[in-house]
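K.L.:
Below is the sequence, then the predicted model.
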Amino acid sequence: MLSPHEFATLMLIRHAPEQIDMNRHELDILFERQLVALEQRAEGMRRLSLTFAGRSLLEALGRAEPRLAPYEESGSYDAH
């Protein structure tokens, strides 16, 4: 089970990853549980991001908007 600090860190990564201190102890646990990852940006900088598991966890807790199905993202809907 994650601590309240680890949940808060997940939510912060979801909404403001540029504000995360990379030396936070909670990040070790989140990396270990494969809830977050470092993504390489085009500018050569690294940025924290949620993995599928991390996003799914926040969705299950009601702390992230569910991903839309591909047809919903494009705005088109085929009502057959």
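P.N.:
On my side now, so go ahead. As the structure is a prediction and not an experimental result, all values here were calculated from the model. Numbers count the residues shown, from 1 in each chain.
K.L.:
pull the CA atoms of the strand or helix carrying residue 5 into PDB?
P.N.:
Secondary structure from DSSP states H and E places residue 5 in helix 4-15. What follows is helix 4-15, C-alpha atoms only, in PDB (Å, rounded to 0.1, in the frame of the first residue of the first chain):
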ATOM      1  CA  PRO A   4      -0.400   9.500   1.700                       C
ATOM      2  CA  HIS A   5       2.900  11.200   0.600                       C
ATOM      3  CA  GLU A   6       3.300   8.700  -2.300                       C
ATOM      4  CA  PHE A   7      -0.300   9.300  -3.400                       C
ATOM      5  CA  ALA A   8       0.200  13.000  -3.200                       C
ATOM      6  CA  THR A   9       3.400  12.700  -5.300                       C
ATOM      7  CA  LEU A  10       1.600  10.700  -7.900                       C
ATOM      8  CA  MET A  11      -1.100  13.400  -8.200                       C
ATOM      9  CA  LEU A  12       1.600  16.100  -8.400                       C
ATOM     10  CA  ILE A  13       3.300  14.200 -11.200                       C
ATOM     11  CA  ARG A  14       0.000  13.900 -13.000                       C
ATOM     12  CA  HIS A  15      -0.800  17.600 -12.800                       C
END
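K.L.:
And the very next helix or strand once past that helix, what does it pack against?
P.N.:
Downstream of helix 4-15, the first helix or strand assigned by DSSP H and E is helix 25-32. Secondary-structure packing of helix 25-32 (3 or more CB pairs under 8 Å, 6 or more residues apart in numbering; DSSP states H and E): helix 4-15, strand 36-40. Just so you know, the C-beta spots here come from the backbone N, C-alpha and C atoms, and that holds for glycine as well.
K.L.:
To residue 29, which of these lies closest?
P.N.:
helix 4-15 (5.5 Å; CB to CB).
K.L.:
Mind picking out the helix or strand in the protein with the poorest mean pLDDT?
P.N.:
helix 70-73 (a mean of 46; mean pLDDT, DSSP states H and E).
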